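# Take this sequence and fold it.
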Amino acid sequence: MQKARIAVLVSGGGTNLQAILDAESRGEISSGQVTLVISDRPGAFALERARKAGVPGMEINRKASGSHEAFEKKLMDALEENRTDIIVLAGFLSILSENFTGRYPRRILNVHPSLIPSFCGAGFYGLKVHEAALARGVKVTGATVHYVNEIPDGGEIIAQKAVGIQPGDTPEVLQRRVMEQAEWIILPQAVEEVSAEWLKQRGIKEEH
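Okay, here's the model as predicted:
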């Protein structure tokens with residue numbers, strides 16, 4: 001069976017990457033296959049996760065590339081060489097330009113640790129999102145998977161899942177709960193949904 005070729009872009013530990021790899025190994029992602037992992041930062045543990053899963057990994061250091069344009073050119077070259085169909089941003093902290101996102105319409109997914117449009121956009125990433133949610137005093141937060149366009153966290157929403165905030169939550173505790181109860185659930189589901197749609201658009205029949 002032909003599958004959509006998925007590249008996962010990462011910056012750190014790769015917990016969302018692991019959720020995708022685990023879902024693929026369980027057969028929950030059957031329409032796509034992770035064929036490449038790219039880190040924009042040296043020493044990202046996500047590359048070790050890729051190695052253990054037998055997935056090719058590579059580092060394209062944003063700071064060492066000299067310019068953002070040069071960095072994105074290296075990214076695009078690697079993606080083209082991999083014959084990438086779907087791109088997943090899983091804890092990827094580099095903002096991608098319109099020049100990049102415009103090449104892959106409805107083919108780039110991102111997971112964000114809030115219920116967009118709350119606590120999103122430029123400057124909202126990692127613990128900063130959860131710190132903002134706690135500071136605002138909201139009772140419910142969650143995660144969102146969305147298509148990526150030139151506006152940070154501005155693309156069409158694919159899936160959302162709510163997570164309750166508990167008394168005494170710290171940003172770290174809340175971050176973990178959002179990952180476990182939302183991100184690690186809806187991201188693999190969205191990856192399968194978008195991969196299946198990619199195959200359908202190309203008239204490729206799925207065989208199960």
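# doesn't Ser39 make contact with Gly57?
Yes: judged on Cβ atoms under 8 Å, Gly57 makes contact with Ser39 at a distance of 7.1 Å. The C-beta positions use only the backbone N, C-alpha and C, and glycine is treated the same way.
# More neighbours: the two, which one.
Ser39 (26 against 20; other Cβ atoms under 10 Å).
# can you give me the helices for this structure?
15-25, 45-52, 68-81, 98-101, 127-136, 171-178, 184-201 (DSSP state H).
# right, and the ones you listed - which one's nearest Ile151?
For Ile151, the closest of the helices of the chain is helix 98-101, at 9.0 Å, according to Cβ to Cβ.
# thinking Gly164 is in contact with Ala133, fair?
No: using Cβ under 8 Å, Gly164 makes no contact with Ala133, being 11.5 Å away.
# the more surrounded of those two?
Ala133 (26 against 12).
# May I have the beta-bridge partners of Gln160?
Going by DSSP bridges, Gln160 is paired in beta bridges with Thr144.
# State the distance from it to Asn99.
28 Å (Cβ to Cβ, to the nearest Å).
# So these two - more neighbours on which side?
More crowded of Gln160 and Asn99, by other Cβ under 10 Å: Gln160, with 16 against 13.
# I'd like to know how far the nearest residue to Lys161 once chain neighbours are set aside sits from Ser11.
If you skip the residues right next to it in sequence, Lys161 has Ala182 as its closest partner in space, 4.1 Å away by Cβ to Cβ, 6 or more residues apart in numbering. If you measure Ala182 against Ser11 using Cβ to Cβ, the figure is 20 Å.
# Just want to know which of those two has more residues nearby.
Ala182 (24 against 20).
# Against His112, how distant is the more buried one?
Distance from Ala182 to His112, counting by Cβ to Cβ: 10 Å.
# can you list residues touching both of the two?
Residues touching both Ala182 and His112 by Cβ atoms under 8 Å, 6 or more residues apart in numbering: Ala143.
# Just the residues contacting stretch 129-138, thanks.
112-114, 118-120, 124, 141, 165, 169-172, 174-175, 178.
# looking only at pLDDT, what's the mean for it?
Per-residue pLDDT over stretch 129-138 has a mean of 96.
# Restrict that stretch to CA atoms and write it as PDB.
Taking Å, rounded to 0.1, in the frame of the first residue of the first chain, the C-alpha atoms of stretch 129-138 are listed here in PDB:
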ATOM      1  CA  VAL A 129       1.400  29.400  26.800                       C
ATOM      2  CA  HIS A 130       0.600  27.700  30.000                       C
ATOM      3  CA  GLU A 131       1.900  30.500  32.100                       C
ATOM      4  CA  ALA A 132      -0.400  32.900  30.200                       C
ATOM      5  CA  ALA A 133      -3.400  30.600  30.700                       C
ATOM      6  CA  LEU A 134      -2.800  30.300  34.400                       C
ATOM      7  CA  ALA A 135      -2.200  34.100  34.800                       C
ATOM      8  CA  ARG A 136      -5.500  34.800  33.000                       C
ATOM      9  CA  GLY A 137      -7.400  32.400  35.300                       C
ATOM     10  CA  VAL A 138      -9.100  30.400  32.600                       C
END
